[in-house]
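A.B. asks: Please find the sequence and the predicted model below.
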Amino acid sequence: MAWPLPAGYDLKVQQADPAPSSGFIRAHTVLSLVPGVAGDGVWWQDGRIRAVGRAEDLERRVPTRVPRYHLPGAIVTPGFVDGHTHFGMWALGRRRVRLAGAQTREEAVRRVAMGVPEQGWLLGHGWDANRWEAPPDRWSLDRAVALPAFLESIDIHAAWANSAALLAAGIDRNTPDPPGGRIVRDALGDPTGLLLERAAQLVTPVLPAAAPADLLGAVQDGIHDIEGPEVLRAFRVLESDGGLRLRVLFAPPVGQLPALLSHGVRSGQGTEWLMLGGVKLFLDGSLGSRTAWMLEAYEDGRDAGMPLATEAEARAAVERAAVGGMACTIHAIGDAAVRRALDLLESVPAAALPHRIEHLQCVHPEDLARAGRAGIVASMQPAHLPGDVGLAEERWGKRSRGAFAFRSLMQRGAVLAFGSDVPVVPLDPRQGVIAAMGRVASDGGFPDGWQPEERLSFEDVVRAYTEGNAIAAGVAGRRGRLLPGSDADLVAWEVDPAVLRGEAAAFRESRVQLTVVGGEAVYRRE
């Protein structure tokens with residue numbers, strides 16, 4: 001008997017697009033990413049790029065009715081795409097208790113005590129206990145709030161619950177650890193309220209459900225979203241109402257794989273605005289939660305992190321997906337998880353979209369060339385680097401030479417596709433651009449760059465946010481570069497041109513003057 005197809009995955013019917021528009025920009029520089037195509041002007045007509053070149057020459061050819069934008073201080077690039085988001089979580093998180101930046105456990109508890117309940121729960125995100133005076137526990141939350149409280153960590157790989165939340169989920173001293181998860185316990189065996197990896201999912205069934213209208217709250221040029229079917233349904237509602245003005249590549253969770261395959265759903269199906277990507281599965285956790293899976297133990301010798309699936313389980317899922325026409329999107333942060341992801345993806349058939357590995361945060365030197373050779377996209381998030389430098393040095397030691405190895409991977413042929421991992425870090429792409437170019441720690445450490453040989457040029461970074469994500473989405477022939485015939489997806493940045501010479505800090509004060517998607521000016525700064 002076929003599984004029921006989850007609502008939202010029927011993406012085969014092409015939606016009608018609004019009539020595309022036209023325009024012309026005279027700027028400081030147009031960074032087309034196409035060899036031999038350069039200038040200070042770009043003209044698009046009926047939603048497609050017509051020409052890039054000298055603005056003075058192009059403007060004579062532009063029809064009178066076409067809107068003109070004179071932006072002499074702007075650098076025009078292809079439209080940025082955020083290659084790794086949890087967009088619905090970010091949109092909901094703006095209404096919940098914000099714990100990012102809490103310097104102590106007590107500060108976090110005070111914020112929770114002031115939170116606004118949501119359907120009888122207190123929900124929040126963003127705590128990071130790595131430098132706290134005491135670890136998260138249920139008793140500290142119990143003193144602040146009687147309602148069930150469930151708070152996700154900054155990296156979304158741990159959760160902090162109070163006693164009421166544990167009771168609602170049926171978690172007690174007799175509850176076994178789920179596969180790929182750990183219920184942290186005290187000396188007597190009772191849960192402390194800290195839930196690692198898949199243990200946090202024990203609470204998910206009893207959490208209040210969000211309305212689709214609450215899931216979406218912002219737009220940019222494009223995103224690759226990695227979430228559940230409820231977020232896809234919200235995107236579908238926006239698309240059907242004509243309100244979806246960003247391009248979305250949606251990666252469903254591996255738990256949806258049987259239903260998708262039984263209905264013949266394939267990666268790459270969809271519309272101009274909403275397309276199905278690869279199925280997402282996790283091989284390990286994160287550096288911040290000490291669950292990133294390493295080939296050798298962490299520097300303190302206690303453990304080597306946590307694999308979240310056995311090799312047999314992961315291989316069965318990857319092979320079934322690939323044979324059925326679904327690309328695979330594999331989360332791997334530690335060097336052991338990265339190696340296993342490479343082993344799995346090198347041996348499976350290609351799909352309509354490239355297979356990809358998310359994060360590749362620590363790569364063993366022997367594995368640096370493998371993604372490029374196999375055509376596996378390296379989906380990375382440079383904005384993690386400034387905050388992770390200290391933890392990487394402390395927990396991985398000399399193995400940190402393989403962390404955030406942007407240039408080494410690129411030079412060995414890997415396609416880099418950059419994103420934010422919002423809400424783990426802010427959605428603002430400027431942080432990622434600056435981090436990839438400068439590699440400076442968030443506390444100002446390593447002012448000349450942490451492992452400076454891995455720094456990228458501005459053009460390389462732009463390529464990773466644009467062309468790299470277009471390759472990952474299977475639309476490299478139409479998006480990611482500014483050349484005649486490509487979709488008119490572009491951004492005009494007001495920025496110091498010193499960024500073109502490699503000065504990362506010059507991008508810090510940059511501002512978007514104009515965003516164009518499908519030929520339509522969706523944002524203009526007055």
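C.D. replies: Ah, there it is.
A.B. asks: contacts, neighbours, all on C-alpha from now
C.D. replies: Fine.
A.B. asks: what residues are up against the residue lying closest to Gly480 once chain neighbours are set aside?
C.D. replies: Using Cα to Cα, 6 or more residues apart in numbering and skipping residues adjacent in sequence, the residue nearest Gly480 is Glu467, 3.8 Å away. Shown in contact with Glu467 (Cα atoms under 8 Å, 6 or more residues apart in numbering): 417, 476, 479-481.
A.B. asks: Nearest to Ala146 among those residues?
C.D. replies: Ala417 (43.9 Å; Cα to Cα).
A.B. asks: What about that closest one, how many residues nearby?
C.D. replies: For Ala417, the tally of surrounding residues (other Cα atoms under 10 Å) stands at 29.
A.B. asks: Centroid-nearest residue for the chain?
C.D. replies: His84 (1.8 Å; Cα atoms, centre = their mean).
A.B. asks: That one falls within a helix, correct?
C.D. replies: No. Counting by DSSP: H, G, I helix; E, B strand; the rest coil, His84 is not found in a helix; it is strand.
A.B. asks: Hmm, Ser379 and it touching each other?
C.D. replies: Yes. Using Cα atoms under 8 Å, His84 is in contact with Ser379, at 7.4 Å.
A.B. asks: between those two, what contacts are shared?
C.D. replies: Joint contacts of His84 and Ser379 (Cα under 8 Å, 6+ apart) are 358, 418-419.
A.B. asks: which of those residues tops the neighbour count?
C.D. replies: Phe418 (32 neighbours).
A.B. asks: Any idea what that one is bridged to?
C.D. replies: Phe418 has these beta-bridge partners by DSSP bridges: Met380.
A.B. asks: again, but for Asp225
C.D. replies: Legend: beta-bridge partners of Asp225 under DSSP bridges are Thr85, Phe250.
A.B. asks: what's the pLDDT at the residue nearest to the centre of the chain?
C.D. replies: His84 carries a pLDDT score of 93 in this model.
A.B. asks: Return the residues in contact with it.
C.D. replies: Contacts of His84 by Cα under 8 Å, 6+ apart are 223-226, 358, 379, 381, 418-422.
A.B. asks: Let's see if you can find the most crowded of the residues you listed.
C.D. replies: Phe418 leads those on contacts (other Cα under 10 Å) with 32 neighbours.
A.B. asks: residues contacting that residue?
C.D. replies: 82-84, 379-382, 461, 464-465, 468-469.
A.B. asks: how near is the residue of the chain most remote from its centre to Asn469?
C.D. replies: Most distant from the centre of the chain: Arg60, at 41.6 Å, with distances by Cα atoms, centre = their mean. Here Arg60 is placed at a distance of 34 Å from Asn469 (Cα to Cα, to the nearest Å).
A.B. asks: so Ala27 is in which element?
C.D. replies: Using DSSP states H and E, Ala27 maps to strand 23-30.
A.B. asks: just how off-centre is that strand within its chain?
C.D. replies: 29 Å (Cα atoms, centre = their mean, to the nearest Å).
A.B. asks: For Gly397, which non-adjacent residue is closest in space?
C.D. replies: Closest to Gly397 by Cα to Cα, 6+ apart is Glu299, at 6.5 Å.
A.B. asks: Does that neighbour touch Glu394 like I think?
C.D. replies: Yes. Here Glu299 lies in contact with Glu394, judged by Cα under 8 Å, at a distance of 7.0 Å.
A.B. asks: and the nearest residue to Arg96 once chain neighbours are set aside, helix, strand or coil?
C.D. replies: Ranked by Cα to Cα, 6+ apart and with sequence neighbours excluded, the top spatial neighbour of Arg96 is Gly124, at 5.2 Å. Following three-state DSSP, we place Gly124 in the strand state.
A.B. asks: cool, Trp90 as well?
C.D. replies: helix.
A.B. asks: Understood, closing this out.
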